[in-house]
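here is a sequence with its predicted model. Questions after.
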Amino acid sequence: MQKLSTRLQRFRTGSPLSFRLLAWILLFSSAFTLIASAIQLYSDYSKDLLRIDNRMLVVETGYASSLARSLWALDQKLLQTQMEGILSLPDIVHLRLRIEPDSELVMGEVPPEAQTTSHSFDLIHQGDEMFKLGELTVTADLDRVYSEMERKVGVILVTQFFKTFLVSILIIWIFQYFVARHLSTMANYARHFSLSNLAEPLKLDRPDTPLNRRDELAQVTDAFNQMRDRLNEDVARQERDAAQIRKFSKAIEQSPSSVLICDRQWRIEFANQKFTQLTGHDAQDIIGKHPGAISETSMDHRENRHLWQSIRLQVQRVGVWQGEVNSVRRNGERFWEQLIVTPIKDSKGEATGYLILGEDISIRKRYEQQLLRQANYDILTGLPNRMLALDRLKLALAQARRENSLVGVMFLDLDNFKHINDTMGHDAGDNLLIEAARRISSCLRGTSTVARLGGDEFLVILPGLTGGDATSQVAERILKTFEPAYLLNNQEVFVTTSIGIAVFPTDSDNSGNLLQHADAAMYQAKHKGKSSYAHFVPEMTEVSHDRLQMESRMRRALDQNEFELYFQPIVQTDTGALSSAEALIRWNSPSMGMVMPDRFIPLAEETGLIIPIGEWVLQEACHKAMKWREITGTNVGVSVNVSPRQFRDPNFSDIVLKALESSGLEAEYLELEITERLILDNTIETAEILKHLDQAGIRLSVDDFGTGYSALSYLKSYPFDTLKIDKSFVQDVLKEQDDASLVRAIINMAHSLGLRVIAEGVEEEAQTHFLQHEGCDYSQGYFYSRPVPEEAFEKWLRTNHRAKA
Ligand SMILES: Nc1nc2c(ncn2[C@@H]2O[C@@H]3COP(=O)(O)O[C@H]4[C@@H](O)[C@H](n5cnc6c(=O)[nH]c(N)nc65)O[C@@H]4COP(=O)(O)O[C@H]3[C@H]2O)c(=O)[nH]1
């Protein structure tokens, strides 16, 4: 019962379509039935009327002659019987017989208000002559026909109504069961269909037959489910996209680089946290502004506009702009940043905006400037070094050529420096050099240059001179400033200098010759006696007698076996264990005593003698390394210095390989030390030779790192294994904060390029702690051992229990 009522309820409330259908079916079927029934009734009615008409005709044909005979015979009885016979016929209710001439016989009765139909015919006597006897009018009552019709209408209406109703119910049930309820299910499904409710597919409550699978409901269901699947895919894709967008946004927000996103018109739309940290500008303050307008104060307006114009043009043409920009923070502080500007393109490749990535490179810049300073200036005196001095000299010569002026070049050497250094100590020597630099500088104009070439040698460049005399005046002034005593270690010391002068273009028109001539003149001045100066004269071209003598002695020295290798251990910084040794040449000259490499290697370079000397060093070093293997039972590597001239010798690679071959030393235990200046001199050849050596397995190291150009980029392009930090940095790591941070930066940078680092010139234990802390791989210096002769080194090896296992 309950079930029935719910069904009814559902039928009533849930299926308006069924109701409407029912109503329409009823209406149409009723109308149809009514029309059909009306037609039927009308035809029945017509048939009944026809039947009555026929019956009247039958009366005429059947009774006309007999009635006429009875009337002729005046047989009233028969006439009556015959009329009664007619009256007994169905529907005939009234007969009127009009007898000629004026009598009438009436039988039967017409019910009041009855619907009737009448038929009259003549009664004729058929004798010799035709004689009309009378006329009979037969009246039939149509009430039966009408009541019959009424009954039929009633029956038809009732039966048709029920039939229609039942058929409608059946149709509706069929429709409800097979269609409407499924439509309701679909409607409900569609009503509850939402993005959060996509798991359940639409399922109709009906058997899964092949027929059902093909009908329209199945098609609509499939369409629904396909829509659901597509939506599911869309939602999943959207979620994936949203997750990615979230991830990217986070990455951009937390990026270590500053990020600005601009629209097509270069108006800032987004700035990340790093940008705010870096510049001090809040994102909301700069939204809508042009990126060039933020730090406009960093340069003048025109320069800034020009910069951003060229950025815009290059980004449009090339697709990227990158460069270093000197920007200004909100608080006015300047900083260097590396900017990369790229367009953000849509799927059609159209730029929809621009991405500006920025990185604070102030520290790197500072290091680079520091390195540049180190490369160009003498650390002790702060004067330009040899390299910068040569650049300035070349510039001065170029200018003099243009202006037709003279350039004076002076070579200075402190007369008794070596003696003071040896007797009063390095600090006193250093102080003397600083004071001498100051005194020389004080004698010069702003356009002149005074440089320290190394040791106690200075160079003075006097550009834009109009006459040679000016050089003499400057030389005299310098000699005069040297007259007062120097206070070294609280002692008054008198130091003099010797000055050699050469003038462009009188003495030479190229810088190299000018320097040589000034050098020769200086030797001449020294010969003249201390505290004097000398001008170059062509007779001096034979150069100093000393140098010539030195050269011929050096040539003999190889044959006489006067060269000797000293060795200095290179140890692992953290353990102190021996890793390898650097071979350092010494010249045991019978006439000059022990000559240090700084004194003869440059001359050997100039004369080309370095090639046979270098070959000897390589052979010796490799053989010694094999000997140490025997002594220690472990592999000890050897480092050999290679000078530029050696390196450029076409046979250099062969010489190295021959040394390895003849000694039996594996290539990996030989390391060649190359100065960075050499690398920068001749790029293509250098690259090829380095590649060749690297392919042979020989280790390569950059020597004296920090004293050359220190252009970090070349380290990436060449196959170096090791970087040796110059001793000038290491020695002051504990005293100079700048040097400490520079060494730290070099170590980090080298490691990031996959290079090992050796710190040279380690003299104190505290320096080793610093280097350990900074992760420096290897160390070398007096703290571990000075360079020692072969026997001493072997002894050191035997006693040094920390040799690498
Ligand atoms: N103040 C100080 N100095 C330390 C310390 N530890 C090592 N040294 C010195 O630093 C120099 C290191 O060699 P280098 O930079 O390659 O510089 C070398 C190298 O460029 C060149 N040289 C030496 N032997 C050869 C060689 O066989 N061939 C070539 N081409 N050049 C050589 O001569 C330069 C000078 O050599 P050395 O006079 O032996 O000077 C050596 C060494 O004695 C320390 O703790 N404090």
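The structure has been received and is ready for your questions.

going forward, measure contacts between C-alpha atoms and count neighbours the same way
OK.

for the stretch 451-600 of the chain, give me the ranges with low pLDDT.
For the stretch 451-600 of the chain, applying pLDDT under 70 flags the ranges 541-546.

list the contacts of I610.
601, 604, 643, 645-646 (Cα atoms under 8 Å, 6 or more residues apart in numbering).

once you drop chain neighbours, what's closest to L479?
The shortest distance from L479 to any residue other than its chain neighbours is 6.3 Å, reached at S531 (Cα to Cα, 6 or more residues apart in numbering).

report the lowest-confidence entry in the contacts of I610.
Scanning these for pLDDT, the low point is R645. It has 82.

tell me the SS of it?
Using DSSP: H, G, I helix; E, B strand; the rest coil, the structure places R645 in helix.

tally of neighbours for it?
18 (other Cα atoms under 10 Å).

quick check: it touching E605?
Yes - in terms of Cα atoms under 8 Å, R645 counts as a neighbour of E605; the distance is 6.0 Å.

over to whatever residue of the stretch 251-400 of the chain ends up closest to the ligand: give its phi and psi.
For the stretch 251-400 of the chain, the residue closest to the ligand is L380, as judged by Cα to the nearest ligand atom, at 13.8 Å. The phi/psi pair for L380 (degrees, to the nearest 10) reads phi -70, psi -50.

do the same with P112
phi -60, psi 140.

what about the longest helix in this structure?
For the chain, the longest helix by residue count, based on DSSP state H, is helix 16-72.

by contact count, what packs against that helix?
helix 76-87, strand 116-126, strand 130-141, helix 143-175 (3 or more Cα pairs under 8 Å, 6 or more residues apart in numbering; DSSP states H and E).

deepest-packed of the ones you listed, please.
Of all the helices and strands packed on helix 16-72, strand 130-141 has the most neighbours on average by mean count of other Cα atoms under 10 Å, namely a mean of 19.

ok, residues contacting that one?
By Cα under 8 Å, 6+ apart, strand 130-141 touches 52, 56, 68, 71-72, 91-101, 110, 114-125.

swap the cut-off to 6 Å and go again
Residues outside strand 130-141 that contact it (Cα atoms under 6 Å, 6 or more residues apart in numbering): 91-100, 116-125.

could you do stretch 553-569 as well?
By Cα under 6 Å, 6+ apart, stretch 553-569 touches 580-588, 786-789.

kindly report the same for stretch 687-698.
Residues from elsewhere that reach stretch 687-698 (Cα under 6 Å, 6+ apart): 667-668, 670.

quick one: distance of that stretch to the chain centre.
Distance of stretch 687-698 from its chain centroid, counting by Cα atoms, centre = their mean, to the nearest Å, is 35 Å.

how about that stretch as CSV, C-alpha atoms only?
Output in CSV follows, covering the C-alpha atoms of stretch 687-698 (Å, rounded to 0.1, in the frame of the first residue of the first chain):
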residue,chain,number,x,y,z
ALA,A,687,94.2,25.9,-26.3
GLU,A,688,95.5,23.3,-28.7
ILE,A,689,98.6,22.5,-26.7
LEU,A,690,96.7,22.4,-23.4
LYS,A,691,94.2,20.0,-25.0
HIS,A,692,96.9,17.8,-26.3
LEU,A,693,98.6,17.6,-22.9
ASP,A,694,95.3,17.0,-21.2
GLN,A,695,94.5,14.2,-23.6
ALA,A,696,97.8,12.6,-22.8
GLY,A,697,96.6,12.6,-19.1
ILE,A,698,99.1,15.2,-17.8
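
list the buried residues of it.
689-691, 693-694, 698 (16 or more other Cα atoms under 10 Å).

restrict those residues to contacts with the ligand.
Among these, no residue sits close to the ligand (Cα under 6 Å from any ligand atom).

which of the residues you listed fall in helices?
689-691, 693-694.

let's have the residues you listed in JSON lines, adding distance to E551 and pLDDT.
Output for these, formatted as JSON lines (distance: Cα to Cα, whole Å; pLDDT from 0 to 100):
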{"residue": "I689", "distance to E551": "29", "pLDDT": "87"}
{"residue": "L690", "distance to E551": "30", "pLDDT": "89"}
{"residue": "K691", "distance to E551": "33", "pLDDT": "90"}
{"residue": "L693", "distance to E551": "31", "pLDDT": "94"}
{"residue": "D694", "distance to E551": "34", "pLDDT": "94"}
